[in-house]
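> structure of the sequence below:
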Amino acid sequence: MQQQPPRPGRRGAGPAPRLYRAPGATADEHLLTRGPEDWRPRESWRSLRILSEFVDGFDTLSELPPAVSVFGSARAKPDSEPYELGERLGSALATAGYAVITGGGPGVMEAVNRGATLAGGLSVGLGIELPFEQGLNEYLDIAMHFRYFFVRKMMFVKYAHAFCVLPGGYGTMDEMFEALTLVQTRKVTRFPVVLLGTYFWQGLIDWLRDGLQAAGHIGADDLNLLYLTDDPEDAVAYIQQAAGRETVD
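Numbers count the residues shown, from 1 in each chain. Model prediction:
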C-alpha cells in the first residue's frame, strides 16, 4: 500500500480528535424527542447551538475551491470493490482540480479522501455525532464534526458542484434521494448526481423506471437526473460537461 504523504494540519471548527464518542443520546435525539415539562427554555438555548454549527460550517467551508460531495458505505473494507472504486474516484476528482467532501469516516469515505490526498488534492471530511463509535479517517485537510444531521447535510449541498454516490446503506440512500429531491423540485440549481457501480445500482434504476416512473410517481425526465457509470474518469468528464467546462479554473 502506498505510504501517505505528509499532510498539513487539520483545520475546522474546534479540535478534530480521531474518535468521537457520544455519551448517551445524541444531540439529534434530544432535538427530535419531546422532553420533560421544562423543555421550552432548553429548546431556546439549543437553537443557538444549531446556529453556531451553521456559522462554523459557513466560516470553514466558504473558501473551498470547486468541490464534489461523495457518499458511500462506512462498512466497505480496504480490499473491497467499493473501496477501490472510491479511491480511484478521489484521485480522478483531485487530478481534475476538484476538492472532495465526504462524511469523513471509514470505508468508502476513507477511500475517496485517501485517493484525493495521494493525488495532491484538497480532502474534506464532515463527521457526525453517532450513538456508536465512528472515527474520522486520517486523510483529511479539513475536518469538521457536527451534532446535527440537517446542518451537515446543508454543508454537503451548499459547497458541492456535483454529487457522486457509491455503494452504501441507509445513510447513502438518504443523502442520494435528498439530493435528487432538491434538484427535481428546483430547490437547488440543477447539478449532476452520478452513481458509480453498475453492479450495485442497476437494480435500483430498473425499479425507479418500472415502478415509480411506470406508475406516474416521477416524471418522464426524472430518471435523467441520475448518471450511471463504472468509470471514475467518465464520472469526472460528465461532471465537467454538465458544468459547461472542460477543466476547473
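> go through this structure and flag its longest helix.
The helix of greatest length in the chain, counted in residues with DSSP state H as the criterion, is given as helix 39-61.
> which parts of that one are buried?
With burial defined by 16 or more other Cβ atoms under 10 Å, the residues of helix 39-61 counted as buried are 46, 53-54, 56-57, 60-61. For the C-beta atoms, the positions are set from N, CA and C on the backbone; glycine is no exception.
> mind saving the C-alpha coords of that helix as CSV?
This file holds the C-alpha atoms of helix 39-61, laid out as CSV (Å, rounded to 0.1, in the frame of the first residue of the first chain):
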residue,chain,number,x,y,z
TRP,A,39,-38.2,21.6,27.7
ARG,A,40,-39.0,25.1,26.4
PRO,A,41,-36.0,27.0,27.8
ARG,A,42,-33.8,24.2,26.8
GLU,A,43,-35.1,24.3,23.2
SER,A,44,-34.4,28.0,23.0
TRP,A,45,-30.8,27.5,24.0
ARG,A,46,-30.5,24.6,21.6
SER,A,47,-31.4,26.8,18.7
LEU,A,48,-28.2,28.8,19.5
ARG,A,49,-26.1,25.7,19.3
ILE,A,50,-27.7,24.9,16.0
LEU,A,51,-27.0,28.4,14.7
SER,A,52,-23.4,28.1,15.9
GLU,A,53,-23.0,24.9,13.8
PHE,A,54,-24.2,26.7,10.7
VAL,A,55,-21.8,29.6,11.4
ASP,A,56,-18.9,27.3,11.9
GLY,A,57,-19.7,25.4,8.7
PHE,A,58,-20.1,28.5,6.6
ASP,A,59,-16.9,30.0,8.1
THR,A,60,-14.8,27.0,7.5
LEU,A,61,-16.0,25.9,4.0
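> same for that helix, what does it pack against?
Helix 39-61 is packed against helix 27-32, strand 142-146, helix 149-158, with contacts defined by 3 or more Cβ pairs under 8 Å, 6 or more residues apart in numbering; DSSP states H and E.
> now do 6 Å
Under the contact definition 3 or more Cβ pairs under 6 Å, 6 or more residues apart in numbering; DSSP states H and E, helix 39-61 sits against helix 149-158.
> list the buried ones in the helix it packs on?
Residues 149, 151-158 are the ones in helix 149-158 that count as buried (16+ other Cβ under 10 Å).
> turn these into TSV, including distance to residue 135 and pLDDT.
Formatted as TSV, the buried residues of helix 149-158 follow (distance: Cβ to Cβ, whole Å; pLDDT from 0 to 100):
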residue	distance to residue 135	pLDDT
149	18	90
151	20	94
152	16	94
153	21	94
154	23	94
155	19	96
156	19	95
157	24	94
158	25	94
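> and the very next helix or strand once past the longest helix of the chain, C-alpha only, in PDB?
Proceeding C-terminally, helix 39-61 gives way to strand 67-71 as the next helix or strand, assigned by DSSP states H and E. Only the C-alpha atoms of strand 67-71 are listed here, as PDB (Å, rounded to 0.1, in the frame of the first residue of the first chain):
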ATOM      1  CA  ALA A  67     -15.900  20.600  -4.800                       C
ATOM      2  CA  VAL A  68     -17.800  17.300  -5.300                       C
ATOM      3  CA  SER A  69     -19.600  15.600  -2.400                       C
ATOM      4  CA  VAL A  70     -19.200  11.900  -2.400                       C
ATOM      5  CA  PHE A  71     -21.300   9.400  -0.400                       C
END
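> same for the helix or strand just after strand 67-71, what does it pack against?
The C-terminal neighbour of strand 67-71 among helices and strands, as given by DSSP H and E, is helix 81-95. Helices and strands touching helix 81-95, as assessed by 3+ Cβ pairs under 6 Å, 6+ apart, comprise helix 108-118, helix 232-242.
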